[in-house]
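Student: need a structure here:
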Amino acid sequence: MNALIITTTMISLGSSAQTENSPTELLDRPAIFNSKPYAEIGLSYERLTNGYVPWQSQYFDLMLPLKQNGFVYLQILNAERFTQIDQAAYLNYAYPLKYGVVNIEGSHAHNPQFLAQNFYGADLSGKLPYEFNY
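Tutor: Numbers count the residues shown, from 1 in each chain. Alright, predicted model coming up:
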């Protein structure tokens, strides 16, 4: 399989500093909650061998860190694989707690050919002392 993968530029949104000034506050949550928001538009094209139809996709990603109020991630995807076309939207919200991060996520595929039509879930990624995670 020959693959040509092309991804376009990531765009940073906002002009705030990368992190806040309070060291104790930063230790209570992962650094991604304090990062700058960004948007990314990309595409991929994969030329397959043995006469198979090429795979391709286009996507839009948006990440909005909300510092102590959480984190929002959105992806919109259009993918063509196995001569089938799927469009899907994925949304994730993460909220930092003292001992971990709660994630709530879900997606919906408009024309589910190879992606799941509905996907949803929730989890807790915990934090133990000395930066160990569970």
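
Student: need the contact list for Tyr59.
Tutor: By CB atoms under 8 Å, 6 or more residues apart in numbering, the contact list for Tyr59 reads Glu40, Ile41, Gly42, Leu43, Gln75, Ile76, Leu77, Asn78. The way it works is simple: take the backbone N, C-alpha and C, and place the C-beta from them, glycine included.

Student: what helix or strand is it on?
Tutor: strand 55-65 (DSSP states H and E).

Student: buried ones in that strand, by neighbour count?
Tutor: Trp55, Gln56, Ser57, Gln58, Tyr59, Asp61, Leu62, Met63, Leu64, Pro65 (16 or more other CB atoms under 10 Å).

Student: got a ChimeraX select line for the buried ones in the contacts of Tyr59?
Tutor: Of these, the buried ones go into a single ChimeraX selection, burial set by 16+ other CB under 10 Å:
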select :75,77,78
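
Student: same list (the buried residues of strand 55-65) but as TSV, adding pLDDT and distance to Thr49.
Tutor: Converted to TSV, those look like this (pLDDT from 0 to 100; distance: CB to CB, whole Å):
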residue	pLDDT	distance to Thr49
Trp55	90	12
Gln56	94	16
Ser57	94	19
Gln58	96	23
Tyr59	96	24
Asp61	97	29
Leu62	97	35
Met63	97	35
Leu64	96	40
Pro65	95	41
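
Student: save these as CSV, and put in distance to Tyr99 too.
Tutor: Output for the buried residues of strand 55-65, formatted as CSV (distance: CB to CB, whole Å):
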residue, distance to Tyr99
Trp55, 42
Gln56, 43
Ser57, 37
Gln58, 39
Tyr59, 33
Asp61, 29
Leu62, 28
Met63, 24
Leu64, 24
Pro65, 20
